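Student: Provided below are the primary sequence and the corresponding predicted coordinates.
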Amino acid sequence: MSFDIIKGMATTIKNVGRKPTTISYPEEERELPARFRGRHVLHRYENGLERCVGCYLCAGACPADAIYIEAEENTEEKRVSAGERHARVFDVNMLRCIFCGYCQAACPTGAITLEQEYKLASFYADEMVYHKEQLLEPAGQSTTGSNDVWAEQPPSEAAQPVPQSSQLFDGSQASAAAVGLGNLPTERPNLLINAEQDEDRRKL
């Protein structure tokens, strides 16, 4: 008996008493880690409005070109999101998606996250293109998804260098400048005053 056979048998005997690492799927399912990246979910705010504002940042960040969006303007009669626009069409091609999470990282409103749904098999390719109706949270449901475990929260004692405003998007405190609603006075009035003073000096 060669040394390689003896070595192989020793490995087998060493692992005979160990519990199996495999599970009997689908009867058993493994508990997934909090940061597992599965199927995408589009989230809502507590008031029912959609978080997605049709900014195309997720589609631009996607290295696989898996996201297709068509934006539409909000109106007072039909307000879908909290911004000026909303996504009329939001498709994710799961055959292209590499589950990198770049779309989630790029989204400024926390509208899209990759959650723990991984049962995505299908016999037909067209069924692997998920539409907005399949991705959007049901009406009356409002979650932030895996953003809670991916986003690093600042320490509570951290001082914010810009004015804070509340109830801007998700009800939590956020930088007013970060959401395009900066409330710092602009420098333009001061520049006009200085220009008028310079003009008065020239006249003298």
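Tutor: Okay, I see it.
Student: show me how the protein divides into domains.
Tutor: 32-149, 162-199 (automatic domain parsing).
Student: report the rounded mean pLDDT for the first one.
Tutor: When you say that, I think you mean domain 32-149. On average, the pLDDT along domain 32-149 is 94.
Student: show me the contacts for Glu72.
Tutor: 54, 80, 85-88 (Cβ atoms under 8 Å, 6 or more residues apart in numbering). Where C-beta positions appear, they are placed from N, C-alpha and C, glycine not excepted.
Student: rewinding a little: looking at the domains of the chain, which is buried most?
Tutor: domain 32-149 (a mean of 16; mean count of other Cβ atoms under 10 Å).
Student: first-to-last residue distance for that one?
Tutor: Start-to-end span of domain 32-149 (Cα to Cα, to the nearest Å) is 13 Å.
Student: could I get the full set of strands for the chain?
Tutor: Assigned by DSSP state E, the strands in the chain fall at 40-42, 67-73, 85-93, 112-114, 129-130, 164-165, 174-175.
Student: Ala66 against Val92, yeah?
Tutor: Yes. Shown here, Ala66 and Val92 form a contact pair, counting by Cβ atoms under 8 Å, at 5.9 Å.
Student: report pLDDT for Leu184.
Tutor: 46.
Student: hang on, I meant Ile5
Tutor: 87.
Student: ok, for Val80, nearest residue in space, not its chain neighbours?
Tutor: His86 (3.9 Å; Cβ to Cβ, 6 or more residues apart in numbering).
Student: give me the distance from stretch 48-63 to the chain's centre.
Tutor: Relative to its parent chain, stretch 48-63 has a centroid offset of 8 Å by Cα atoms, centre = their mean, to the nearest Å.
Student: ok so, going back, now render the strands of the chain as CSV, adding distance to Ala61.
Tutor: As requested, those are arranged in CSV below (distance: least, Cβ to Cβ, whole Å):
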stretch, distance to Ala61
strand 40-42, 13
strand 67-73, 9
strand 85-93, 13
strand 112-114, 10
strand 129-130, 18
strand 164-165, 27
strand 174-175, 21
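Student: out of those strands, which gets nearest to Ser142?
Tutor: Smallest distance to Ser142 across those (Cβ to Cβ): 11.8 Å, for strand 40-42.
Student: what's in contact with that closest one?
Tutor: Under Cβ under 8 Å, 6+ apart, the answer for strand 40-42 is 50-52, 87, 90, 92, 97, 103, 111-115, 117, 130, 132, 135-137, 143, 145.
Student: and what of stretch 101-108?
Tutor: By Cβ under 8 Å, 6+ apart, stretch 101-108 touches 37, 40, 52, 55, 57-63, 67, 112-114, 146-147, 150, 178-179.
Student: all helices for the protein, in order.
Tutor: 3-14, 57-61, 102-106, 132-135, 147-150, 188-203 (DSSP state H).
Student: what about the residue nearest to the spatial centre of the chain, distance to Gly60?
Tutor: Nearest to the mean C-alpha position of the chain, counting by Cα atoms, centre = their mean, stands Gln104 at 2.7 Å. According to Cβ to Cβ, to the nearest Å, Gln104 and Gly60 sit 14 Å apart.
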